[in-house]
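>>> give me coordinates for this.
(2 chains)
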Amino acid sequence: MTVLLEVTNLRTEFTARAGLVRAVDGVSLQISRGECLGVVGESGSGKSVTFSSIMGLVRPPGHVTQGTIFFDGRDLRGMSAEEMRGVRGRDIAMTMQDALTALNPALTVGEQLAEVLIAHDETLPKGRAARRAAIRDRCVEMLGLVGIPSPDSRLRQYPHEFSGGMRQRIMIAIALACRPKLLIADEPTTALDVTIQAQVLELISDIRGQMGMAVALITHDLGVVAEHCDRVMVMYAGQVVEEGPTDDVISHPRHPYTRGLLASIPRPALRGQPLTPIKGQVPNLMGLAPQCRFHSRCPLAQPDCLVEVPMLSAGPGRRARCLRLEETS
Amino acid sequence: MSLLEVTNLSKHYEGRLSLAQRLTGGRKTVVRAVNGVSLHVNKGEVLGLIGESGCGKSTLGRAILRLHEPTEGKVVFDGEDVTALSPPALKAIRRRMQIIFQDPYASLNPRRTVAEIVGLPLALHDIASGDEARAITTQVLQRVGLQPDQIDRYPHQFSGGQRQRIGIARALVSNPEFIVCDEPVSALDVSIQAQIIALLLELKQELGLTYLFISHDISVIGYLSDRVAVMYLGEIVETGPVASVLDNPRHPYTQSLLSAVPEIGAKRAKGRVRLQGDLPSPLNPPNGCKFHTRCPLAIPICQTVVPVSQTVGAEHFAACHRLEEGHTLLEETR
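Numbering: from 1, shown residues only, chains lettered A, B, ... in the order given. Predicted structure coming up:
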């Protein structure tokens, strides 16, 4: 498979009143064509900021200060704002976690879908009437694709007239309108109930199969990753700490954080056995020393962990940011 | 011996009518958030109440404590009819029945220090005051894992997990027997969630507490409950011992709910049931069985007749018209 997105050593910083926050620090990742990459981490781990940085959506006081982003052979960081607008929404699209705040409450769903087509689709006919009809047909088609019943009449409705699951579908429809090569889905199901979550995730998988697009699925739910992603990348305090094929990482995690995360998920099968939560809290991202960020919570930590740890090879296709990999093999 | 016995409890909210609607003789809309729920919680057990958003599980928890006045039905706590108590008697019994809220940000007064928040129940119930109250407060806060030097801080100085610990301390300080845990870990990250679940279980063991644990997360419910009740659109559709309900769910809704949960590790053994559509509006709930609009097993009778709860195993009950035929969704859709 050819590489679609390649990010190297990305760093995104926010200047806060109290100091500099390095929300993303040295993240490197690759996504191949048609692949589904799961990005897992707790709140504040930098998973959303990483992908906002790739999309060029980080606004001051945040800045991407280092790293390269190549998408389909093009250097996204070197692009002007106008060139970037040509990529965003057409080649890479992103759905946001909270569909109600991401959609414009004052525009109908049809208007919001049409906006993407008008901005990006050059294949639309030139004549006014033909153009309008073509846009309308495409909008109906997209709403139908994401499983919204009677799309024809629902185009005229506003976001508040839809349920949570339906709104998430509408955002997916908008994201897919130009048939992007990469869909970034930021916590697409976090706000949804499980039965609706299953519908939305299956929809994303189906469409991915049909259109051959790559998906980056950002989530905090390892169960979702286990069922839907080929590869997984675990983030902690702004860094990638482990990556590899999903089944391998989940059945045999190598980084102590991934191990702790898996051990702290309550499961009916673990009834009566004590959970082993990770002790303590995520460190403050402000003014972090260049050393392993997990060492204060890590059961395997040794004094020599207080150095900057690179991503080390942890088996075929796998890497982890830990000096104690021998103990977790 | 059941500590809490709820019989036929309902909570209906009436909608307001506009002037035009009143003049044209419009009918008031009624949301039946909780509709004829009966359940019991035995002393020392955890009853897990599970359902999707809007199914009425939080309203039920609050109606039991009379934080929302029930429309009809009876709640008996340790032999006393809570629904019939006078205000002073209700206040007295609330010392023994407490609640932990879902949102650790909204449920703590931002202008009060932790010592004031946690110490308030002591003052309200005349348990202790002054130095004595402060000593008890400090002790309880330490028990839930906070440092004594943190007790004069304000809620905004704590993380989400720590705030939830404060909420737990507030519920514990009056030394209750029964606690309604209303989604206490839903707002927390996985690693913090495990810390709070472990704490709640330790406290239950140590203090002999009884929990009604409300959650939408089947993994959490399955991990910590003794018995489970499944709620759909204001009604309980299935209830029973946790192992029996999770391993052998009989109501089609429970079956689809369980099969929708993504699993880690072991590949799914059974087929997945994919429910169509959304939860119907409680303003205008379907007739008959409320699940029939989404149920793949629905037959004509389901649209008209409300199913009665039947015994399907030891202490295991389900309300469905198609139980006797032994249908299970998982087989039908395979």
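>>> and the residue of the stretch 1-150 of chain B found nearest chain A, which of the three is it?
Going by C-beta to the nearest C-beta, chain A is nearest to B:Glu52 of the stretch 1-150 of chain B, at 3.8 Å. From N, CA and C alone the C-beta is placed, and that goes for glycine too. Recorded secondary structure, B:Glu52: coil (DSSP: H, G, I helix; E, B strand; the rest coil).
>>> equivalent analysis for the one 3 residues further on, please.
Here B:Cys55 is recorded as coil under three-state DSSP.
>>> can you tell me how far it is from B:Val75?
Distance, B:Cys55 to B:Val75, using C-beta to C-beta, to the nearest Å: 19 Å.
>>> ok, these two, which is more surrounded?
Neighbours were tallied for B:Cys55 and for B:Val75 using other C-beta atoms under 10 Å in any protein chain shown; the higher tally belongs to B:Cys55 (27 against 21).
>>> pretty sure the more buried one sits against B:Ile236.
No - using C-beta atoms under 8 Å, B:Cys55 is not in contact with B:Ile236, being 9.9 Å away.
>>> now the residue of the stretch 1-150 of chain B closest to chain A: closest residue in space, sequence neighbours ignored.
A:Asp193 (3.8 Å; C-beta to C-beta, 6 or more residues apart in numbering or on different chains).
>>> ok, now which ones touch A:Phe294?
A:Phe294 makes contact with A:Tyr236, A:Ala237, A:Val241, A:His255, A:Pro256, A:Tyr257, A:Ala301, according to C-beta atoms under 8 Å, 6 or more residues apart in numbering or on different chains.
>>> for the second one, give me its contacts.
If I follow you right, that is A:Ala237. Shown in contact with A:Ala237 (C-beta under 8 Å, 6+ apart): A:Gly44, A:Ser45, A:Gly46, A:Val282, A:Pro283, A:Leu285, A:Leu288, A:Arg293, A:Phe294.
>>> repeat that for the last one.
The neighbours of A:Ala301, taking C-beta under 8 Å, 6+ apart as the test, are A:Cys292, A:Phe294, A:His295.
>>> could you report the pLDDT at the first one?
Model confidence at A:Cys292, expressed as pLDDT, equals 91.
>>> report the secondary structure state of it.
Per three-state DSSP, the local secondary structure of A:Cys292 is coil.
>>> distance of it relative to A:Leu306?
Distance, A:Cys292 to A:Leu306, using C-beta to C-beta: 7 Å.
>>> how about the residues of the stretch 201-329 of chain A by chain B?
The stretch 201-329 of chain A comes close to chain B at residues A:201-202, A:220-224, A:226-228, A:250-251, A:260-268, A:270-271, A:274-279, A:281, as judged by C-beta under 8 Å from any C-beta of the partner chain.
>>> from the residues you listed, keep the buried residues only.
Among these, those buried by neighbour count (16 or more other C-beta atoms under 10 Å in any protein chain shown) are A:201-202, A:220-224, A:226-228, A:250, A:260-262, A:264-268, A:270, A:275, A:277-278, A:281.
>>> ok, back up a step: so which of the contacts of A:Phe294 sit within helices?
In helices, judged by DSSP state H, the following of these are found: A:Pro256, A:Tyr257.
>>> chain B: which of the contacts of A:Phe294 is nearest?
Closest approach between the contacts of A:Phe294 and chain B, by C-beta to the nearest C-beta: A:Tyr257, at 8.7 Å.
>>> go through the contacts of A:Ala301 and name the one nearest chain B.
When the contacts of A:Ala301 are compared for distance to chain B (C-beta to the nearest C-beta), A:Phe294 wins out at 11.0 Å.
>>> tally of neighbours for residue 314?
I went with chain A, as the question did not name one. By other C-beta under 10 Å, 23 other residues sit near A:Ala314.
>>> hmm, no, I was thinking of chain B.
Neighbour number of B:Ala314 under other C-beta under 10 Å is 8.
>>> isn't it up against B:Ser244?
Yes - the pair B:Ala314 / B:Ser244 is scored as a contact, 7.1 Å apart, by C-beta under 8 Å.
>>> these two touch, right, the residue of the stretch 1-150 of chain B closest to chain A and B:Pro282?
No - taking C-beta under 8 Å as the definition, B:Glu52 is not a contact partner of B:Pro282, at 11.9 Å.
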